[in-house]
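K.L.:
show me how the following folds:
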Amino acid sequence: MVRLILVRHGETNWNKQKRVQGALDIPLNREGGEEARRISSELSKFKIDVVYSSPVSCSCSTAHEIATTRSLKVIKIDELNEVNHGIWQGLLLKDIKKRYKKQYNTWKAYPTSVRPPKGESIRVAYDRAVSAMHKIVDKHKDESICIVSGGIILSIIKCYLRNIDPEGVWKFIPGEPWEVFEL
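P.N.:
All right, here's what the predicted structure looks like:
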């Protein structure tokens with residue numbers, strides 16, 4: 001049996017400002033660092049054999065907090081990077097809702113049918129994230145695996161694990177910072 005622990009990275013200033021981060025490399029803020037330490041402490045009740053992370057610093061920093069207490073190294077893989085939001089990256093969410101109203105509303109209602117301008121579709125992100133998850137799980141049979149990434153990628157993986165079409169991606173955006181799955 002494989003235990004898969006999905007962890008959302010700690011807070012960044014852009015998260016706090018409601019600025020779309022997407023695939024950009026934004027570091028944790030002070031609260032995010034504290035959140036990463038708290039998550040690591042909460043996960044101390046679980047045996048973790050390996051820690052994987054998106055390569056961006058907010059995910060890596062969170063993963064590092066989890067890995068360090070177990071004397072593990074963080075394995076960074078690009079396929080776990082958050083969805084690329086194209087020209088929406090760096091913009092405030094409220095500005096996107098105004099400037100790109102129709103496209104944003106369609107993206108929220110039917111996420112696999114549209115993508116942010118010059119960005120990545122949920123379907124493409126789904127294919128890469130699920131493929132990465134399979135490679136990780138296949139490599140670590142009967143182990144406890146921690147994956148740290150952004151909220152949408154984790155939601156995509158949750159859709160797959162629950163056998164739900166990626167059209168339901170918004171239902172699983174992490175409310176809690178981590179969730180465990182037994183495979």
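
K.L.:
residues in contact with I26?
P.N.:
I26 makes contact with T12, N13, W14, V56, S57, C58 under the criterion Cβ atoms under 8 Å, 6 or more residues apart in numbering. (Each C-beta comes from the backbone N, C-alpha and C, glycine too.)

K.L.:
just read off the phi/psi values of the spatially closest residue to the first one that is not a sequence neighbour.
P.N.:
It stands for T12. Distances taken as Cβ to Cβ, 6 or more residues apart in numbering put I26 closest to T12, at 4.5 Å, once the chain neighbours are dropped. Torsion angles at I26 (phi, psi; degrees, to the nearest 10) stand at phi -110, psi 130.

K.L.:
circling back to that earlier point, which pair of the contacts of I26 spans the longest distance?
P.N.:
By the measure Cβ to Cβ, N13 and V56 form the most distant pair in the contacts of I26, at 13.9 Å.

K.L.:
quick one, which of those two is more surrounded?
P.N.:
More neighbours surround V56 than the other of N13 and V56, with 24 against 15 (other Cβ atoms under 10 Å).

K.L.:
residues touching the more buried one, list them.
P.N.:
V56 neighbours (Cβ under 8 Å, 6+ apart): H9, A23, L24, D25, I26, N81, E82, G150.

K.L.:
which of those tops the neighbour count?
P.N.:
Ranking the contacts of V56 using other Cβ under 10 Å puts H9 first, with 31 neighbours.

K.L.:
isn't it up against I147?
P.N.:
No: assessed by Cβ atoms under 8 Å, H9 is found out of contact with I147, at 11.0 Å.

K.L.:
give the contact list for the residue nearest the centre of the chain.
P.N.:
Residue closest to the average C-alpha location in the chain (Cα atoms, centre = their mean): G150, at 2.4 Å. Counting by Cβ under 8 Å, 6+ apart, G150 makes contact with R8, H9, Q21, S54, V56, C58, S59, N81, E82, V83.

K.L.:
roughly how far apart are it and A129?
P.N.:
Relative to A129, G150 is positioned 10 Å away (criterion: Cβ to Cβ, to the nearest Å).

K.L.:
ok so, going back, okay if I get the contacts of I26 as CSV plus secondary structure, pLDDT and distance to K76?
P.N.:
Shown next, in CSV, are these (DSSP: H, G, I helix; E, B strand; the rest coil; pLDDT from 0 to 100; distance: Cβ to Cβ, whole Å):
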residue, secondary structure, pLDDT, distance to K76
T12, strand, 97, 17
N13, helix, 98, 22
W14, helix, 97, 20
V56, coil, 98, 9
S57, helix, 97, 10
C58, helix, 98, 12
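
K.L.:
all set, thanks.
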